[in-house]
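A.B. asks: could you look at this predicted model? Sequence included:
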Amino acid sequence: MTGMTVPRRRFSLSAGEKFLPADRIVNWALVGVLVLTTLVAVFASVLAPDNPIQPVGDLNLPPLSPHHLLGTDNLGRDLLSRTLIGLRASWFSALAVVVIGLLSGGLLGVVAGAFGGWVDGLLMRFTDLFLALPGALVAIAVNAALGPGLIHTLIGVSVVWWPYYARIIRAEVRGLAGRPHVEAARLAGVGRLRLIRRHILPGVVPTAVVTASLDIGNVVVLLAGLSFLGLGQSAPAPELGADVQNTLYLLLEQWWIPIIPALTVMLLSLIANLGGDALRNLLEGDR
Amino acid sequence: MSIIRIRRRWRIGTMVLAMALGAAACSGSGSGDAGAGSKPPTDGVLTMGLLGDIGQPPDPDIYYANNGTAIMINVYEGLVQYQNNTDQVKIAPRLATSWTVSRDNSVYTFHLRHGVTFHDGTPFTSAAIEPSFQRRVAVKGGAAYMVAGVKSVQTPDPYTAVITLDKPNSAFLSYLASPFGPKMESPTALTKYAGGDHDQKYLSTHDVGTGPYELTSAVSGTKYVLTQYKGYWGPKSPITTVNLPVYSSAAPLQLALDNGDVSAVVAALPSSSLSHFASDPNVRNYFLPTLQSSLLTLNPSKSFFASKQARLAFLRSVDQQKLVSQVLGKRSSVATTLYAKGMIPGDADKQDITYDPSVMAGYAKNLPSGTTMTIGYANGNPNAQNIAEILVAQMQADGIKATAQGYDTATVFSWPQQPTKGPDAFVDGNNGPDGGDPYMWGHVFWDASGGIDYFACDVPQVDAELNQAVKTGDTALYVKAAEQYSAGGCYMNLSYNKDWIVAQKWLTGVPQSQNLGANELNFSLLGIAK
């Protein structure tokens, strides 16, 4: 490649620059992958060719075997079916944690930012308390205390996930509160609740959506990590992290059995992050 | 720190974790081929890989776990041992060359081997027996019960010892032959290093035994080293040093064996590696008998298995043949007796559970919709987990909402006191008694006071029969007790497990150095092929 000059495509632009069509296409394509992943998760049961729990084929069939696209595991279960159902659990669990975090943290942030004063101080110190805790460890501790199970895992992660949203949205609200249109509304005698609903929230929503979309990948990996540690659903429910852990000892012989769920976690995280970036680019371009 | 920075840290951290998961999964993908093996050592150094640390100090009166037995049986010796290279439970001489037992099983007279010295040079005589027994009682280790019934040790001469028990016990010889049984310890050294803890600190890094090797280095979690004892009474082995490096997981241990860095691995590799080593021309596979089994225990304290009908229906739905062939492979065979293989002569303790899944399917039809049940297994035992998951899938096919759940060891051992806290059933992937006497099996697994009757499924009459049988050694009574316990439907012996030993091709004498009680090798009986 030495000596060649390859024109570089621009995937990010500084503020004020307009998007090139190619960039918009790439961004829309990435958002499309995000939507497609969600659709795959929604229709996972339909797409799964076999029952993910029952042995349906020979043991340890490699990928691309007849009737088993991703092969079978050491108990003869179809890996494609287990991966699809595991993907559904991971994806919707991540969405649930993000939505819970967004709603609870967002509410706190809006109240703190809009009311200011001692209310702001009190709520933010409370938020700081949670931010000071090591999030992953607290999630593991809560989950371990409650016992294994998907709902318990979601509770454990949600407990540590909202403070970020509270902080970000509070800052956004404080910024918007000083804007001329909000000042004008306030001077015109608009009530506090109406001010929040009509003049502040619309400005906060894009930031919240972008933050949340970028967050899904983080949650996917954290949930997979907890599942890897045995804190997810009970076996034999398909779960990506647990499936990696339970079959890790097969790595040297039937490598595909632990690798496929591990790669799925990686891909989900990648798709969520790239899709979130693309969404941000599109929203910034439209602003 | 700003929110943006915190958020970036999360994102970077999670992406790194995601990449690590993928990379970890990919890292071993190209290593499936067998390695080159190794050349026979010319320096007499043998390297035996340990999967995980031995877990407890290498003190013969404290140690009561698994792979550290390799140190115990090579550094220390008892009066007797189980006979090597046989699948029958037979007691063989060690420091005692012969013995007699009184008709009522309460007086054991041992004639001791001449010319034996402890590693500190002290001659081994009958005077060493009582201090060794007394220390065992004093430190209160898990196997202290083996000498708790010793009333007196008389020494009419330096090479004769008469041990009198406080009550008849036909299992006493099995206690002495057990790898966890009382070992002979130098009385001189015990006095010298007693300190305030009965030598426990000293024996965590040193030894006071008579075995063919001395413990010359003990670094917990890293490595143990045994060095040949020059004054050993037995035949001189070409193996002068034994390194016991600790591997944290099976994959690196397998790679080390592939590469020839490890000479042999005893009962530590997963069943999934069977095919890998079966086709490896550089190693030899040995499947040697043990007293270990895979067991299935049902919990009558939970509603699902409260009725005997449910328990027996479930046990009849267990396809032992499938579980053994699919999960355990060549390292196990289907169990057909209630005790361990070889404990009862002629396999008179037949396990009479006929496979018929339709019984459970019929029973399940009458259960309320959405009935749940959980099958437990010990964390870190993939064979047990796979068995549990197969049983769960079968139950789900019958319409029961079954799940499999892993439990840590501490939790498992809390169940006998609180059986309602346990799962509905438990798959024990590999367990066995301390020794080969049927009492040691029956008392441990079937008597609520024995320690591993997980769900306290107790039949008082069975306990009484076992307690009577141990006095007389009455085989028929042992069989009767087993059949009565089995009829309750709490228990199934799934498979006889073997010691799967993978050794470099140059290592000879493996079967001759193994016995079914020890689960480890006597390194002094191994050889090096030229």
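C.D. replies: Here it is on my side, so go on.

A.B. asks: near chain A, which residues of the stretch 351-500 of chain B are found?
C.D. replies: B:374, B:379, B:382, B:385-386, B:388-390, B:392-393, B:396-397, B:403-406 (Cβ under 8 Å from any Cβ of the partner chain). In this view, the C-beta of every residue, glycine as well, is placed from N, C-alpha and C.

A.B. asks: any of those residues buried? List them.
C.D. replies: B:374, B:382, B:385-386, B:388-390, B:392-393, B:396-397, B:403-406 (16 or more other Cβ atoms under 10 Å in any protein chain shown).

A.B. asks: ok, back up a step: could you list which of the residues of the stretch 351-500 of chain B next to chain A belong to helices?
C.D. replies: B:Pro382, B:Gln385, B:Asn386, B:Ala388, B:Glu389, B:Ile390, B:Val392, B:Ala393, B:Gln396, B:Ala397 (DSSP state H).

A.B. asks: where is pLDDT lowest across the residues you listed?
C.D. replies: Across the set of those, B:Pro382 stands lowest in pLDDT, at 88.

A.B. asks: thinking again about what came up before, among the buried ones among the residues of the stretch 351-500 of chain B next to chain A, which one sits closest to B:Ser513?
C.D. replies: Distance ranking of those against B:Ser513, using Cβ to Cβ, places B:Pro382 first at 27.6 Å.

A.B. asks: so the closest one sits right up against A:Tyr249, yeah?
C.D. replies: Yes: with contact defined as Cβ atoms under 8 Å, B:Pro382 reaches A:Tyr249; the gap is 5.4 Å.

A.B. asks: intersection of neighbour lists for those two?
C.D. replies: Listed as contacting both B:Pro382 and A:Tyr249 by Cβ atoms under 8 Å, 6 or more residues apart in numbering or on different chains are B:Pro270, B:Ser272.

A.B. asks: can you name every helix or strand that the helix or strand hosting A:Arg24 contacts?
C.D. replies: Using DSSP states H and E, A:Arg24 sits in helix A:21-42. When contacts are defined as 3 or more Cβ pairs under 8 Å, 6 or more residues apart in numbering or on different chains; DSSP states H and E, helix A:21-42 packs onto helix A:79-115, helix A:256-286.

A.B. asks: before we move on, back to that, need the max-distance pair from the residues of the stretch 351-500 of chain B next to chain A.
C.D. replies: B:Asn379 and B:Ala397 (25.8 Å).

A.B. asks: partner strands of the helix or strand that contains B:Phe426 and their direction?
C.D. replies: Per DSSP H and E: B:Phe426 is located in strand B:425-431. Applying DSSP bridges, strand B:425-431 is found paired with strand B:283-298 (antiparallel), strand B:372-378 (parallel).

A.B. asks: reformat the ones you listed as TSV; add distance to B:Lys140 and mean pLDDT.
C.D. replies: Listed next are the strands paired with strand B:425-431 as TSV, based on distance: least, Cβ to Cβ, whole Å; pLDDT from 0 to 100:
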stretch	distance to B:Lys140	mean pLDDT
strand B:283-298	25	96
strand B:372-378	25	95
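
A.B. asks: dump those strands to TSV, plus distance to B:Thr42.
C.D. replies: What follows is the strands paired with strand B:425-431, written out as TSV (distance: least, Cβ to Cβ, whole Å):
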stretch	distance to B:Thr42
strand B:283-298	20
strand B:372-378	42
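
A.B. asks: next, the contact list for the residue positioned nearest the centre of chain A, please.
C.D. replies: Chain A has A:Ile216 as the residue nearest its centroid, 0.9 Å off, counting by Cα atoms, centre = their mean. In this structure, A:Ile216 makes contact with A:Trp91, A:Ala94, A:Leu95, A:Val98, A:Ala272, A:Gly276, judged by Cβ under 8 Å, 6+ apart.

A.B. asks: much appreciated, bye for now.
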